[in-house]
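In: whatever this is, show me its structure:
(2 chains)
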Amino acid sequence: MSVENLEQPGVGQVAAIQLRHASLAFDEKRVLQDVSFELAPAGTLILLGVTGSGKSVLLKVILGLLKPDSGEVLIEGEDIVPLGESELNAFRRRMGIVFQEGALFDSLSVYENVSYRLWEEGQRDEDEIERSVRQVLGFVELEEAIDKMPAELSGGMRRRVAIARAVISQPRIMLYDSPTAGLDPVTANTIDNLIVKLRDVQHVTSVVVTHRVPDAVMISSFVFSPERQGLLPASANGDGNRVEPTQFIVLKEGKVYFRGDRHALVKAQDPYLRRFIE
Amino acid sequence: MSYLKRKVLAIQDGTYLLTNALRAIFTPPRYTVDTLIQMDVIGVGSLPIVLPTGLFTGMVLALQTYRTLTRFGSASILGEAVALSVVRELGPVLTALMVVGRVSSGIASEIGSMLVSEQVDALRAMGTDPQRKLVAPRLYATLMTLPLLTILSDFIAMLGGYVISLTIAHLTTNEYWSPAYQSLDYRDVTQGLIKPVFFAFVVALVGCYFGLNTTGGTEGVGRSTTQAVVVASVVILVLDFFITLFLIGIGFA
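Out: Numbers count the residues shown, from 1 in each chain, chains lettered A, B, ... in the order given. This next block holds a predicted model:
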């Protein structure tokens, strides 16, 4: 498969995320087989694949929630596989994850959900915490929902709160597990907008698992313009709307079936790959 | 995976759960607020089922014992009979079984649904150890409240026996309470208070174990809940027998 035109980290630059021959099996079922890739800081990786192809597992491996049976997982140059749970927490602090259904804590309000991580990191200044919470809720345009409980929120709002919760500690890496699954196109568009905005404004490395083609198109071909406060089509000719080329990986039965950029994916004739383009 | 291998792994997981929860007492971070909330949920929340259970157990026990005792002309020791059975055996076991039905099931379903909706992963992703945040507070809360619930239940059961002794057995207040009070020595009371401590471990940890090992989505949560109640109930009855056997063996009962 095509591997040209990928954003490989430049000389002297450490990859934000690098997997080397990672394999993982649950009992006899092999969920990841020899997965390798590299993602530069502020780069974007879009993970495609049918259900059960190992996409969500891969995100959990990057976060250290699951350990591969063999291979290495390097976060900003350090292998996290041999680390214990308490050492892993230092790495997880640099990362944020948005789970499929948001995974908000049902028993806590939006404010408590979003501020959870700050409490956990030992911040106790209520005013400071509230300011941070309002700021990130403002970013996802949900400041009015601050006192609501997760059960009162719609699917799209839950996802936005989950994004706010993930970004409050200003992670350098964001992982999104099917952030738009089950949402209507308009709401899904809002989520995609947030992902692009976060990437382009705060230069966050992004890994997006999705099965929706519009997400992939939007994220890989638009940039956020701070002047216009909106998205502009990305152009590769350096006129200011440049976006780092987005890397696409298609997984099939735990193996990397395709790795390349958007053009290579669009041109592919393989029937499995066509499923994600058409 | 073979049946045997699964069982051995389950014992290993259970042991980890126990040791991690115990270790959480001595090292930070501690979730004190969570523990207080759980004490309210588990302790205060169980009163409405524990107290009626105690009352009616005491009453029916007095009723049955009275019929037997009158045949031998020893109705005067009704208070003693009720007090000894309640404090040594019925109070701890019935309280624990009632609390299993409410608390183990509650813990298993709550943690189970958190697991299937990825909230447990979200906790870990944010640097929280679920064993400390979810398991330890529930264990400590149960350890602190189950003995107290047992004491209340014992008292209410003896009160139930007293009601029967007044109304049906026609004993005086003194005829009921004197033998009841005098027959109990410190070994009976200690036995009755050692048991709930062991039962508390079963109630909390079996609930947490099945909650954290939920598989198969929402349907799996229901399955975990049922399993937690069944396993915890049986373990409590078996454990009760062995604790009693041991205490008799060392001359403590």
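
In: mind listing the strands for chain A?
Out: Using DSSP state E, the strands of chain A run over residues A:17-26, A:29-39, A:44-48, A:70-75, A:78-79, A:95-98, A:173-177, A:205-209, A:222-225, A:230-233, A:247-252, A:255-260.

In: out of the ones you listed, flag the one nearest chain B.
Out: Among those, strand A:95-98 comes nearest to chain B, with 4.9 Å by C-beta to the nearest C-beta. For every residue, glycine as well, the C-beta is placed using N, CA and C.

In: and chain B, which residues reach chain A?
Out: B:1, B:113-114, B:117-119, B:121-122, B:124-129 (C-beta under 8 Å from any C-beta of the partner chain).

In: among these, name the buried ones.
Out: Buried by 16 or more other C-beta atoms under 10 Å in any protein chain shown: B:113-114, B:117-119, B:121-122, B:124-129, out of those.

In: about what we covered before: possible to save the strands of chain A as a markdown table with distance to chain B?
Out: What follows is those, written out as a markdown table (distance: least, C-beta to the nearest C-beta, whole Å):
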| stretch | distance to chain B |
| --- | --- |
| strand A:17-26 | 10 |
| strand A:29-39 | 11 |
| strand A:44-48 | 17 |
| strand A:70-75 | 13 |
| strand A:78-79 | 17 |
| strand A:95-98 | 5 |
| strand A:173-177 | 8 |
| strand A:205-209 | 13 |
| strand A:222-225 | 25 |
| strand A:230-233 | 28 |
| strand A:247-252 | 19 |
| strand A:255-260 | 24 |
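
In: can you tell me which of those is most buried?
Out: strand A:95-98 (a mean of 27; mean count of other C-beta atoms under 10 Å in any protein chain shown).

In: can you tell me the strand partners of that strand and which way each runs?
Out: With DSSP bridges as the test, strand A:95-98 is paired with strand A:173-177 (parallel).

In: list the contacts of the strand it pairs with.
Out: Strand A:173-177 is contacted by residues A:16-17, A:55-56, A:59, A:62-63, A:75, A:94-100, A:166-167, A:195, A:198-199, A:204-210 when judged by C-beta atoms under 8 Å, 6 or more residues apart in numbering or on different chains.

In: let's go with 6 Å and repeat that
Out: For strand A:173-177, contacts defined as C-beta atoms under 6 Å, 6 or more residues apart in numbering or on different chains pick out A:16, A:56, A:59, A:95-100, A:204-209.

In: what's the answer for stretch A:83-93, then?
Out: Stretch A:83-93 is contacted from outside by A:G64, A:I75, A:I80, B:A125, B:G127, using C-beta under 6 Å, 6+ apart.

In: my guess is the first one meets A:D79, correct?
Out: It refers to A:G64. No - assessed by C-beta atoms under 6 Å, A:G64 is found out of contact with A:D79, at 10.7 Å.

In: lowest-scoring secondary structure element of chain A by mean pLDDT?
Out: strand A:230-233 (a mean of 81; mean pLDDT, DSSP states H and E).

In: quickly run through the sheet partners of that one, with directions.
Out: Strand A:230-233 has its sheet partners listed here by DSSP bridges as strand A:222-225 (antiparallel).

In: show the pLDDT at B:P28.
Out: The per-residue pLDDT reported for B:P28 equals 81.

In: do the same with A:N241
Out: Reported pLDDT for A:N241: 57.

In: one more: the one 4 residues further on?
Out: Note for A:P245: predicted pLDDT of 75.

In: burial count for it?
Out: Look at A:P245: counted by other C-beta atoms under 10 Å in any protein chain shown, it has 19 neighbours.

In: right, and it touches A:R262 too?
Out: No - applying C-beta under 6 Å, one finds A:P245 not in contact with A:R262, separated by 7.8 Å.

In: pLDDT weak spots in the chain?
Out: If you meant another chain, say so; for now it's chain A. Residue ranges of chain A with pLDDT under 70: A:1-12, A:235-244.

In: that's the wrong chain, I meant chain B
Out: Along chain B, the parts satisfying pLDDT under 70 run over B:1, B:253.

In: centroid-nearest residue for it?
Out: B:A96 (2.4 Å; C-alpha atoms, centre = their mean).

In: wasn't that residue part of a helix?
Out: Yes - according to DSSP: H, G, I helix; E, B strand; the rest coil, B:A96 belongs to a helix.

In: now it. Nearest residue, chain neighbours left out?
Out: In this structure, B:A96 finds its nearest non-sequential neighbour in B:F199, 3.8 Å apart by C-beta to C-beta, 6 or more residues apart in numbering or on different chains.

In: any idea how far B:T167 is from that neighbour?
Out: 32 Å (C-beta to C-beta, to the nearest Å).

In: ok, A:I62 next?
Out: With distances taken as C-beta to C-beta, A:I62 is found 71 Å from B:T167.

In: quick revisit: dump the buried ones among the residues of chain B next to chain A into a markdown table; add secondary structure as well.
Out: A markdown table is the format used below for these (three-state DSSP):
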| residue | secondary structure |
| --- | --- |
| B:S113 | helix |
| B:M114 | helix |
| B:S117 | coil |
| B:E118 | coil |
| B:Q119 | helix |
| B:D121 | helix |
| B:A122 | helix |
| B:R124 | helix |
| B:A125 | helix |
| B:M126 | coil |
| B:G127 | coil |
| B:T128 | coil |
| B:D129 | coil |
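
In: how many residues are close by B:G192?
Out: Applying other C-beta under 10 Å, we find 23 other residues in the vicinity of B:G192.

In: name the element it belongs to?
Out: In this structure, B:G192 is located in helix B:186-212 according to DSSP states H and E.

In: buried ones in that helix?
Out: By 16+ other C-beta under 10 Å, the buried positions in helix B:186-212 come out as B:188, B:191-212.

In: can you name every helix or strand that it contacts?
Out: Of the remaining helices and strands, those touching helix B:186-212 by 3 or more C-beta pairs under 6 Å, 6 or more residues apart in numbering or on different chains; DSSP states H and E are helix B:3-26, helix B:91-99, helix B:105-116, helix B:136-167, helix B:217-249.

In: looking at those helices, which is buried most?
Out: Sorting the helices and strands packed on helix B:186-212 by mean neighbours (by mean count of other C-beta under 10 Å), the first place falls to helix B:91-99, with a mean of 25.

In: many thanks, have a good one.
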